[in-house]
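Visitor: got a structure for you, letters missing:
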């Protein structure tokens, strides 16, 4: 059986799955339930200097599909609203009760060196394995000059990271906000500040929906609403991209990555690891289903690794990074054509109408003598876009088949039709 | 399918409470959550096979998507603008041979969308609100049309004409409107007086007036209507119950199955109805099934449905056959009735086994006797030819053209009395729609 144990920023963990800094890690009770369920570690809910913040009611909003599936959720909750001492004593107790599990202390403070250093030392003294800088919270705290207000300014990312780095001798994780134009700027700033790892992504700034009766953004509090942090399955593609950018960037490629963003299944986890993540943080999936999802996360990832022959996480970590390239590095001569298996086709017509209305009119619908419908691809019109395969409800019914055209790998910069091609 | 369980007792004397339960809704309606989940399964097919399979061509993917998006009123409008009796059809249509049979998920997942239940979910609130606000009448044209028969065809035609601004006078032979919806469908499919409530909704459009106890050929006549009205629509159904033509058919206890169902539908207290202990139903159509199951649910000890051919040849769908079996009805195939025996009252029936040889049904000479104290005959109905006058017929039914017009100019027809397809409510509604369009054009509406 594959070994799920791994190391990030020098910290050993029994499996790569940690709970992210959020409501599930708010207190001893939740964290011990998580450890009992099998989670490898937690990042404790963000701590600030006393007096603690006060939270509002109506904290979460949801984005659902029509079949009650939750695509994503957002929240307007602030950091821990319990006294710092209470949190620190609880951390000490959990460390004693679960010595083989990881606890990272998450923190934020106004942009003053002394405040950051004092708080970091207090948290480190509780026995945490590392400190995570919350530079990403995009709601509430940013209005007080913290969270994403820091994370969006590379200079402040570097300074806060350096302050904590100087104050403590345990690993430092800088948690990045995705609410920025180029994730490499804060990532490089974190590296320059001495971070042992970056953690990303924090939540995406969002309005989750509008209550059309109250005419106010959701979640509605007494007739008003505000923007909040979007998370869950829907943000996974954003997170994958940002993780990949850091992993393939020359300056940051050796920075450890604690990947966060919509991880719901073992497959999501494997994808983040393939793009360079050293370990993972999960929140929304646990909030929606409870801590027992850890069983299948561990099980599924382990089975996948066994099937592929990976003995440990590092065997496949970053394997997809070299294949993550710029558009200009793609092969312009690669040719795919959709192929429809008429044996398994159930004749819903979705591929036809998607292509006919919105793409390249490459799928023919023919009514047969018996009234059944036959769908076939017009190869000359098919641009291999994948849309038909995506909308097809039958697994494997539509496949995208590479055309063996014997043409060489040619990128756009070298392409004969590129009029901007530099003269040689 | 989660049919309501049947209560039956050996002594056939069920309590009024048990009988009430036996005639409760066959399939309870979906709640909002069930409807939402089922609607979300729909693939929203393009040029959907279910629509092609529906005689009234309801845009099924559209109304299901409307349910999924929370636009229930829009879903009802989509259904009712294609089929004003979408409520009855949601209850009575043999969807297993129509829309649901063609659902691509029947092929993909062996589990079609429950279209009928979703349709009922969308339509029922509109009928319960008893308003016709979904449709508005066009300005009055001053034209009046006579409609003979307030069944599905007549009322469908009447509603469509009323929407177009015409005035409609309906003549109905019975005391109530609705035709077979009111008198002929199984009680557990049409609970809470649904047929009458649906007619109330249809009449809510305005411009439709119904006179009852007005039978065609007895109280009203075609020539007279042609003189008084701008056009006439005939939707008289099939008035004659076919007879077995056997000795003993006039014995007490031998009854037309449709009459049995009509009595049951009209009974205020079903526990006051008398059913036999040993019931034989002759026939293989849905009426035979409806009669057999209802006899069982009234408390008959044994109900045997006897059909001269095999189960595969039955008019009743496989789903209806399963329902009968689930209700404890014995399906006896390959047997033809020879005679009905008894003194004054029926006591038994003699049958002869049949077989199929090179497509021909042959008698085998092998006879058997089944005891019976009630025999329900459900071998179809036919048109009362003697009242048709100059109307041309074909295959025993009134002949119409593509616009629903008979050989007599200005006289249209639809429903079971014409040969348009299966004798189903949904087909009758479509016939009424077609004829209404034909009448509108005949009256110059297309140019007006």
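Guide: Arrived safely, thanks for sending. All values reported here derive from a predicted model rather than from experimental measurement.

Visitor: Leaving out the residues flanking it, which one is nearest to the residue most central in space within chain A?
Guide: By C-alpha atoms, centre = their mean, the mean C-alpha position of chain A lies nearest to residue A:261, the distance being 2.1 Å. Closest residue to residue A:261 apart from its sequence neighbours, by C-beta to C-beta, 6 or more residues apart in numbering or on different chains: residue A:239 at 2.4 Å. To be clear about C-beta, it is placed using only N, CA and C from the backbone, and glycine gets the same treatment.

Visitor: Please identify the helix or strand for the one you found.
Guide: Assigned by DSSP states H and E, residue A:239 belongs to helix A:236-248.

Visitor: most distant residue from the middle of chain A?
Guide: Relative to the mean C-alpha coordinate of chain A, counting by C-alpha atoms, centre = their mean, the farthest residue is residue A:369 (50.8 Å).

Visitor: ok, now how distant is it from chain B?
Guide: From residue A:369 across to chain B, the span is 15 Å (C-beta to the nearest C-beta, to the nearest Å).

Visitor: what's near enough to touch residue 330?
Guide: Just so you know, I chose chain A. Listed by C-beta atoms under 8 Å, 6 or more residues apart in numbering or on different chains, the contact set of residue A:330 reads A:411, A:412.

Visitor: actually it's chain B I care about, not the one you picked
Guide: Counting by C-beta under 8 Å, 6+ apart, residue B:330 touches B:302, B:303, B:304, B:305.

Visitor: same for chain A: which of those residues are within range?
Guide: Counting by C-beta under 8 Å from any C-beta of the partner chain, nothing from these sits close to chain A.

Visitor: nearest to chain A, of those residues?
Guide: When the contacts of residue B:330 are compared for distance to chain A (C-beta to the nearest C-beta), residue B:305 wins out at 32.1 Å.

Visitor: Which strand residues bridge residue B:280?
Guide: Following DSSP bridges, residue B:280 is listed with bridge partners residue B:304, residue B:375.

Visitor: so who does it touch?
Guide: Residue B:280 neighbours (C-beta under 8 Å, 6+ apart): B:303, B:304, B:305, B:306, B:349, B:370, B:372, B:374, B:375, B:376.

Visitor: quick one on the thing from earlier: kindly provide the whole-number mean pLDDT of the helix holding residue A:239.
Guide: Mean per-residue pLDDT for helix A:236-248: 98.

Visitor: Would you mind pulling up the elements that it packs against?
Guide: Applying 3 or more C-beta pairs under 8 Å, 6 or more residues apart in numbering or on different chains; DSSP states H and E, we find helix A:236-248 packed against helix A:184-193, strand A:197-200, strand A:256-260, helix A:266-274.

Visitor: Switch those over to TSV; also include mean pLDDT.
Guide: Shown next, in TSV, are these (pLDDT from 0 to 100):
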stretch	mean pLDDT
helix A:184-193	98
strand A:197-200	98
strand A:256-260	98
helix A:266-274	98
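
Visitor: Could you point out which of the ones you listed sits nearest chain B?
Guide: helix A:266-274 (23.0 Å).

Visitor: helices or strands up against the next helix-or-strand element following the closest one?
Guide: Once helix A:266-274 ends, the next helix or strand along the chain (criterion: DSSP H and E) is strand A:279-282. Here strand A:279-282 touches strand A:17-19, strand A:256-260, helix A:266-274, going by 3+ C-beta pairs under 8 Å, 6+ apart.

Visitor: right, so the ones you listed: which one is the most enclosed?
Guide: Of all those, strand A:256-260 has the most neighbours on average by mean count of other C-beta atoms under 10 Å in any protein chain shown, namely a mean of 29.

Visitor: quick one: it to helix A:266-274, angle?
Guide: Inter-element angle recorded for strand A:256-260 and helix A:266-274: 150 degrees (by axes from the mean of the first three to the mean of the last three C-alpha atoms, to 10 degrees).

Visitor: partners of strand A:256-260 in the sheet?
Guide: Applying DSSP bridges, strand A:256-260 is found paired with strand A:197-200 (parallel), strand A:279-282 (parallel).

Visitor: For that strand, which outside residues touch it?
Guide: A:8-9, A:18, A:20, A:173, A:175, A:196-202, A:239, A:243, A:246-247, A:272-273, A:275-283.

Visitor: What of stretch B:235-243?
Guide: Under C-beta under 8 Å, 6+ apart, the answer for stretch B:235-243 is B:147-149, B:151-154, B:157, B:173, B:179-180, B:216, B:249, B:256, B:258-259, B:377, B:379-384, B:413-417, B:423, B:428, B:431-432.

Visitor: same question, stretch B:43-54
Guide: Residues contacting stretch B:43-54 (C-beta under 8 Å, 6+ apart): A:347-350, A:352-353, A:365, A:371, A:373, A:393, B:57-61, B:64-65, B:82-83, B:98-105, B:113, B:115, B:426.

Visitor: How about it, which residues are buried there?
Guide: For stretch B:43-54, burial by neighbour count (16 or more other C-beta atoms under 10 Å in any protein chain shown) applies to B:43, B:44, B:45, B:46, B:48, B:49, B:50, B:51, B:53, B:54.

Visitor: do the same with stretch A:317-330
Guide: Neighbour counts over stretch A:317-330 (16+ other C-beta under 10 Å) mark A:317, A:318, A:320, A:321, A:324 as buried.

Visitor: wait, isn't residue B:126 in contact with residue B:75?
Guide: No - at 9.6 Å, residue B:126 and residue B:75 do not qualify as touching, with contact defined as C-beta atoms under 8 Å.

Visitor: of the two, who's got more company?
Guide: Neighbours per residue (other C-beta atoms under 10 Å in any protein chain shown) separate residue B:126 from residue B:75, with residue B:75 holding more: 28 against 23.

Visitor: Could I get the pLDDT score of the more buried one?
Guide: We note a pLDDT of 97 for residue B:75 in this prediction.

Visitor: Relative to residue A:319, how far out is residue A:4?
Guide: In this view, residue A:4 and residue A:319 are 17 Å apart by C-beta to C-beta, to the nearest Å.

Visitor: same thing with residue A:67?
Guide: Using C-beta to C-beta, one gets 34 Å for the distance from residue A:67 to residue A:319.

Visitor: Would you mind naming what in the stretch 1-150 of chain A lies close to chain B?
Guide: By C-beta under 8 Å from any C-beta, the residues of the stretch 1-150 of chain A that approach chain B are A:65, A:66, A:67, A:68.

Visitor: Which one (most neighbours) among those residues?
Guide: Neighbour tally across those (other C-beta under 10 Å): the maximum, 16 neighbours, falls on residue A:66.

Visitor: Residue A:402 pairs with what?
Guide: residue A:336.

Visitor: For it, which residues are in contact?
Guide: Per C-beta under 8 Å, 6+ apart, neighbours of residue A:402: A:334, A:335, A:336.

Visitor: what are the phi and psi angles of residue B:345?
Guide: Phi and psi for residue B:345, reported as degrees, to the nearest 10, are phi -110, psi 150.

Visitor: can I assume residue B:209 is in contact with residue B:169?
Guide: Yes - at 5.4 Å, residue B:209 counts as touching residue B:169 under the criterion of C-beta under 8 Å.

Visitor: Which one's more surrounded, these two?
Guide: Shown here are residue B:209 and residue B:169; by other C-beta under 10 Å, residue B:169 has more neighbours (20 against 13).
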